[in-house]
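Novice: Mind looking at a prediction? Sequence and model below.
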There are 4 protein chains.
Amino acid sequence: MTTKDWRGCFAIPMTPFDETDRIDEDVLTAEIEFCIESGVGGLVVPVMVSEFRLLSEEEHRTMIRVSVQVSSGRVPVVANCAAVNTPSAVSYARYAEETGADAVIAMPPYVLRPDFEIIFAYYQAISDAVSIPVWIQNADVVALSTEQVVRLCTEIENVSWVKEEVVPSTHSISALVSKNCPAIEGVMGGSGGLYMITERARGSKGVLPSCTFCDLVQKVWELLDEDKEDQARDLHEHLLPAIILEGLMGMAFAKEIMIRRGVFKNNRVRSFAHPLDEDDMREIDRVWERIQPYLIWGK
Amino acid sequence: MTTKDWRGCFAIPMTPFDETDRIDEDVLTAEIEFCIESGVGGLVVPVMVSEFRLLSEEEHRTMIRVSVQVSSGRVPVVANCAAVNTPSAVSYARYAEETGADAVIAMPPYVLRPDFEIIFAYYQAISDAVSIPVWIQNADVVALSTEQVVRLCTEIENVSWVKEEVVPSTHSISALVSKNCPAIEGVMGGSGGLYMITERARGSKGVLPSCTFCDLVQKVWELLDEDKEDQARDLHEHLLPAIILEGLMGMAFAKEIMIRRGVFKNNRVRSFAHPLDEDDMREIDRVWERIQPYLIWGK
Amino acid sequence: MTTKDWRGCFAIPMTPFDETDRIDEDVLTAEIEFCIESGVGGLVVPVMVSEFRLLSEEEHRTMIRVSVQVSSGRVPVVANCAAVNTPSAVSYARYAEETGADAVIAMPPYVLRPDFEIIFAYYQAISDAVSIPVWIQNADVVALSTEQVVRLCTEIENVSWVKEEVVPSTHSISALVSKNCPAIEGVMGGSGGLYMITERARGSKGVLPSCTFCDLVQKVWELLDEDKEDQARDLHEHLLPAIILEGLMGMAFAKEIMIRRGVFKNNRVRSFAHPLDEDDMREIDRVWERIQPYLIWGK
Amino acid sequence: MTTKDWRGCFAIPMTPFDETDRIDEDVLTAEIEFCIESGVGGLVVPVMVSEFRLLSEEEHRTMIRVSVQVSSGRVPVVANCAAVNTPSAVSYARYAEETGADAVIAMPPYVLRPDFEIIFAYYQAISDAVSIPVWIQNADVVALSTEQVVRLCTEIENVSWVKEEVVPSTHSISALVSKNCPAIEGVMGGSGGLYMITERARGSKGVLPSCTFCDLVQKVWELLDEDKEDQARDLHEHLLPAIILEGLMGMAFAKEIMIRRGVFKNNRVRSFAHPLDEDDMREIDRVWERIQPYLIWGK
């Protein structure tokens, strides 16, 4: 398979923490297995869903290392090399390639919003450090214009994939795809999979959701590939309550579901915000109950 | 019916503009009729869904006047009196009561974020100007704490209802309801109806969505009243794709649906942002097609 | 004097409110006289310093009307026509020209951030409604790129002046001036006058501060005109503590100073935020005491 | 000297980078010497002025280690232990104490805005890890209320100092000081020293500016101690143009000044934003020229 063929659900693992707030590598291993057994097209790790901005440097590398080792070539692994400064991003990128990752992904420098020249130099430095594809993660945190994304892909050797989430992601994906830029191998969507059907109609090659229901997201994609749009929309509709609760409750929801799926041991998050309360748990139970008939993995 | 009995779908009319960017009162009349025939519990107008911040003062009053006249006592009308300054808010509140509105609603002063004393004085002035209930619209634009909402309701005579949307609205509603504040007659949710089922379980008495599918929202509420939670969730699930597209495309989506429902003549908005493109229209067609079997009004 | 000759301090009057929160036209009249007697190059009214977003439509027009009537052709008056929607902006622009204003100024639609096509149509509609120059107020509220400003000035007949404050305003002014765009008659700076000397070196033709110390700001400009840069910097340095307190305390500071200058009767503001406390008043007293030897008006 | 006696200018070193974007320890050593020779009351490192959010973990520790080693007990060193997660913050705090720092400082978790319970646990964990004073850095990034600051200081053993910058910092300092909380040893201001005179009048014990002109800031403080307020205000006024340019140009300005002071070799920053242009350099030259007569260090 060449990189041009990447498509479908590129699932994002959450970072499992143990009771002492350290990464639980056993659970992480089980989570990667869960993703691969669910038939995903690829893995992307550690990004926002993985709470990567709250990881130490060593934890960041652990997420890459374990994901690559466990997947062991069965699916492509896109490793996040975004960092607080360029030397650190370069260092993550090198680590990712040495470890065996199939690509790296980075949003522009995100702590402060730099001028475009700095963003260009950042991607240039990352590209120079590796010989694998470099993905741009384009979101409203530091939104690049369509023209800037095209320039980065055209002028910098390895930059060739885009995860496009600038609001409205639908229009952003169309704008990018309509450029027919030969240096862009593919554009994928994010937004938790909320708009994956209309984004796909606009030319996205895949979608990057949390891995919580990656079996179902992958199935929706395949139904669309088979031209069974109504079935795809039916299944997607059954998924929506879960996607919406993830938006409301954050990663604690995703981890709570992973407990029910038999993969996680706890719902511990660092991106706390609002701990789940009893009514949240009751709502999760109801949504879990209703989605169970459609689950694929573990059946 | 006393005000304490207000419950269910309090629908928000969109503002219909004609081709010269003026309010089309005929369409507005048809829209109010549509809401009432859909069985809503009440009307709230003109708020964010009505693009109220983009209305001139006269247009603001027109929205209140026509809504009250057309509804003519058949359902309670909650008129928005939020304004850029306190004298204007007071003036809208007086106008609303004189015109026959059943209540007024206001978010705190929203152009600049004032100290709480100023917010208190603003609600005091509104309350002093009327003898009908005053609703607080609490959202992240100018978020009030639970304690501040309780204080406003307790210490100011007419302030007695709350539309609670501070993120996460679920926890905010629970926090407020658990206070058992005798001065609060009711708390309702918003968020386009996205969380209406779990918000209701937490004690909300109703929900304030755009009126686009107010027949279905009202039906979901009634099914819950009848303890038919599964049927309610089924119907709500069929609604989700539309709620999600409204979030993605804004009021142009809502007005586009209203054309299909036979009420609006165009999808003209002032809160433009991103005009609908061909793929948007195709997606709206698909979502419209799929939701049609469930529609109640007009069947 | 042709419009091309506009330069120096274009002072912004604050809106004086009486004890019942209404505009005090007598004080406003005195304020405009104060500005003109201070030798300003022009007046700009009612903008942010005038708390224009907190004015009713009638109050907005009052600010324009009184300013034009009192100045009576002695200095050019630039009237703000920015509004919550295009018909209202057009209506203010027409009112301004009919009343006798020498130009209108508008920031792009500011309630929601529209696409550029909408912004273009907004300025086109304003330009079509008048035959006097239209200024663009460019600030971070809705920042236009240099290219967009040039396009608006080049393609729309009356759009020909720019108040440029996009951070850093210095670089933004240089970027605009270096375009040598024949359709731009002049660029002026704002930022309370904080950077007026370096902005002038970059090609700005004037500065738009609150009118509090417009005699001194105008004097700084004239000293620079006379190539007395050191004297200009000395005087500007004496002004800095006041500019900094205005930034800290807002318009309540500006109005408090106007009381001491014998023009205002109170420091009442609508853009409240934080009422002045005793320590604020003591600090204002000290800054007032120290700047008095340099005052020009009233001596 | 007990910690209660800490007062005056607690200067913040900038992080010097060499041409390969690594920390230049020789320049850092010279910078710390410069601060101490300038007579500062203490050092705070590495915080915002030091671009700490753009440092790798090792670089963060290097900034602490070199600062402590060079100062060698001559002035107190307050080491920043703020981090992206609690274990990392605890690890920095331990490192700081072991290395010999006199106190640690931390803003609340800043990547995501957590609930207060999480913030409490974060400071508790830091306090538990050390036996030196813990400072709270309170700014609008994650603003704590006065009540929350008092609670943290009262209920957590080592938390006893506050750098207070929540806008308006003047009112925030007064609110905190007026609590007369016995668990608070002192409150200091920041804001680049812009409001240091009025903040001191409100009870602040010191100010934390960039070290660029720490000799002058310290002198202003001492003049106030000697009741020479007019001389203090004169000197502060001469400082204002530099403080204002630092606000406009960021740390590139501060480093450019440090070149002129003979301490830095370049103005390389990671918090890029906008590279200095020729007009910036000319303005820096003028401001530098005018401030030279007042400099103390190096004379």
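Specialist: Yep, it's here.
Novice: The helix or strand containing residue A:280 near chain D anywhere?
Specialist: Take DSSP states H and E as the rule and residue A:280 turns out to sit in helix A:278-291. No - Helix A:278-291 stays clear of chain D (Cβ under 8 Å from any Cβ of the partner chain), getting no nearer than 14.0 Å. Every residue, glycine included, has its C-beta placed from N, CA and C.
Novice: Okay, buried residues for that helix please.
Specialist: A:279-280, A:283-284, A:286-288, A:290-291 (16 or more other Cβ atoms under 10 Å in any protein chain shown).
Novice: and what of stretch A:167-175?
Specialist: A:168-175.
Novice: Among those residues, name the ones in helices.
Specialist: Counting by DSSP state H, those place A:169-175 in helices.
Novice: Get me the contact residues on the stretch 51-200 of chain A for chain B.
Specialist: Counting by Cβ under 8 Å from any Cβ, the residues of the stretch 51-200 of chain A near chain B are A:168, A:170-171, A:174, A:194-195, A:197-198.
Novice: The same query, at a cut-off of 6 Å, please.
Specialist: Proximity of the stretch 51-200 of chain A to chain B, by Cβ under 6 Å from any Cβ of the partner chain, involves residues A:168, A:171, A:194, A:198.
Novice: Need the max-distance pair from those residues.
Specialist: A:171 and A:194 (14.7 Å; Cβ to Cβ).
Novice: Pick the one among the buried residues of stretch A:167-175 closest to residue B:155.
Specialist: residue A:168 (42.7 Å).
Novice: Let me see the contact set for the closest one.
Specialist: Applying Cβ atoms under 6 Å, 6 or more residues apart in numbering or on different chains to residue A:168 gives the contacts B:248, B:274.
Novice: For residue B:76, see how far away it is.
Specialist: 35 Å (Cβ to Cβ, to the nearest Å).
Novice: where are the low-confidence patches of chain A?
Specialist: A:1, A:272-273 (pLDDT under 70).
Novice: ok, now which ones touch residue A:43?
Specialist: A:11, A:35, A:67, A:77.
Novice: Can you lay out these as TSV showing distance to residue D:71?
Specialist: As requested, those are exported to TSV (distance: Cβ to Cβ, whole Å):
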residue	distance to residue D:71
A:11	50
A:35	51
A:67	43
A:77	46
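Novice: ok, of the residues you listed, which one's closest to chain C?
Specialist: Of all the contacts of residue A:43, chain C sits closest to residue A:11, with 33.5 Å by Cβ to the nearest Cβ.
Novice: counting contacts, what elements does the helix or strand containing the closest one pack onto?
Specialist: Applying DSSP H and E as the criterion places residue A:11 in strand A:8-11. Other helices and strands packing on strand A:8-11, by 3 or more Cβ pairs under 6 Å, 6 or more residues apart in numbering or on different chains; DSSP states H and E, are strand A:42-45, helix A:214-225.
Novice: Would you mark the buried spots in whichever helix or strand comes after the last one?
Specialist: Reading on from helix A:214-225 to the C-terminus, the next helix or strand found by DSSP H and E is helix A:229-249. Applying a neighbour-count criterion of 16+ other Cβ under 10 Å, one finds A:232-233, A:235-246, A:248-249 buried in helix A:229-249.
Novice: Can you report how many residues neighbour the closest residue to residue A:10 other than its chain neighbours?
Specialist: Spatial nearest neighbour of residue A:10, excluding adjacent residues (Cβ to Cβ, 6 or more residues apart in numbering or on different chains): residue A:42 at 4.1 Å. With neighbours defined by other Cβ atoms under 10 Å in any protein chain shown, the count for residue A:42 comes to 22.
Novice: Ok, residue A:97 next?
Specialist: What residue A:97 shows, counting by other Cβ under 10 Å, is a neighbour count of 18.
Novice: Which of the helices or strands spans it?
Specialist: Going by DSSP H and E, residue A:97 is in helix A:86-99.
Novice: Partner strands of the next helix or strand along the chain from that helix, with direction?
Specialist: Downstream of helix A:86-99, the first helix or strand assigned by DSSP H and E is strand A:103-106. Partner strands for strand A:103-106, per DSSP bridges, with pairing direction: strand A:77-80 (parallel), strand A:134-138 (parallel).
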